[in-house]
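[1] Sequence and predicted structure are below.
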Amino acid sequence: MGTTTLTLRDTAETREQLAQRSLWRDALRDASRNPFAVGGVVIVVLFVLAALAGPAITPYDYRTQDLLNAEQPPSRAHWLGTDELGRDFFSRILYGARTAFLVATMVTLVGGSLGVVLGAVAALSDRFLGGLIMRLTDVLLAFPFLLLAVFANATLRPRVQSWIEALHGATGIGFLQNRLLADYLVVFGSLALVSWPGMARLVRGQVLSL
């Protein structure tokens, strides 16, 4: 009787523990026990902090040229040295980290979202539409990633710039005059356009398995 009561109590505690568990908690627990995962998180956090605080901690303007101190080795004045125009490498890296972080985040969000949607549609739709989406992924995966992104960038940029100029003429919004807007839109769009096929195939396989 005592053994049966103890077994029932253990079973109830086990069910309660399982009810409190979740995929996120299990993933966080496993990641916290992996030194490589912890090290990767630390590196990403440091990179994000450097990108956000770059303008406040850079000792020089990343555009300032000093030809008298060109191609200097690392020193107290220039921690990572200078380039052929005398610009401080450390300052340029911190400023460049902001653009790299922005591009990586936006491309991952846009490309990942597009891949999830198209992969789910391919798995849940009829054979014709699903096959059409999968053949499109095969075509995109057949081309080198960066080469296809460069081709899309060179092809789309003039059209995007013309579209932005027409929109500015129709609305008069001053923000649309920024020349970097077209560059960012084209870079995000080009990289997202070629990054979704792998995610789409993964999602389709998972949906079909379920």
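    Looks like it came in fine.
[2] Looking at the chain, which helix is longest?
    Longest helix in the chain by number of residues (criterion: DSSP state H): helix 89-124.
[3] which residues are in contact with the helix or strand that comes right after it?
    Per DSSP states H and E, the first helix or strand lying C-terminal to helix 89-124 is helix 127-141. Defining contact as Cβ atoms under 8 Å, 6 or more residues apart in numbering, one finds that helix 127-141 is touched by 118, 121-123, 125, 148, 194, 197-198, 200-201, 204. Every residue, glycine included, has its C-beta placed from N, CA and C.
[4] Likewise for stretch 156-167?
    With Cβ under 8 Å, 6+ apart as the test, stretch 156-167 has contacts from 173, 176, 181-183, 185-186, 189-190.
[5] please redo it, this time with the cut-off set to 10 Å
    153, 173, 175-179, 181-187, 189-190, 193 (Cβ atoms under 10 Å, 6 or more residues apart in numbering).
[6] Got a quick ChimeraX command for the buried subset of those?
    The buried residues among the contacts of stretch 156-167 can be selected in ChimeraX (16 or more other Cβ atoms under 10 Å) with this line:
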select :153,176,182,185,186,187,189,190,193
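[7] So which of the contacts of stretch 156-167 belong to helices?
    Reading helices off those with DSSP H, I get 153, 179, 181-187, 189-190, 193.
[8] which of those residues has the weakest pLDDT?
    Across the ones in helices among the contacts of stretch 156-167, the smallest pLDDT goes to Arg179, namely 74.
[9] contacting residues for it?
    With Cβ under 10 Å, 6+ apart, Arg179 has these contacts: 161, 164.
[10] swap in Asp88?
    Going by Cβ under 10 Å, 6+ apart, the list of residues near Asp88 reads 58-62, 64, 66, 69, 72, 77-82, 94.
[11] Three-state assignment for the nearest residue to it once chain neighbours are set aside, please.
    Closest residue to Asp88 apart from its sequence neighbours, by Cβ to Cβ, 6 or more residues apart in numbering: Tyr60 at 4.2 Å. Using DSSP: H, G, I helix; E, B strand; the rest coil, the secondary structure recorded for Tyr60 is coil.
[12] I figured Tyr60 was touching Ile93, is that so?
    No - between Tyr60 and Ile93 there is no contact under Cβ atoms under 10 Å: 11.7 Å.
[13] that older thread, which one of the contacts of Asp88 sits in the busiest neighbourhood?
    Thr82 (25 neighbours; other Cβ atoms under 10 Å).
[14] Any idea what it is bridged to?
    Asp88 (DSSP bridges).
[15] Pretty sure it sits against Phe90.
    Yes - if you go by Cβ under 10 Å, Thr82 and Phe90 touch, sitting 9.5 Å apart.
[16] hang on, the earlier thing: hey, what's the angle from the longest helix of the chain to helix 127-141? Just curious.
    For helix 89-124 against helix 127-141, the angle by axes from the mean of the first three to the mean of the last three Cα atoms, to 10 degrees is 160 degrees.
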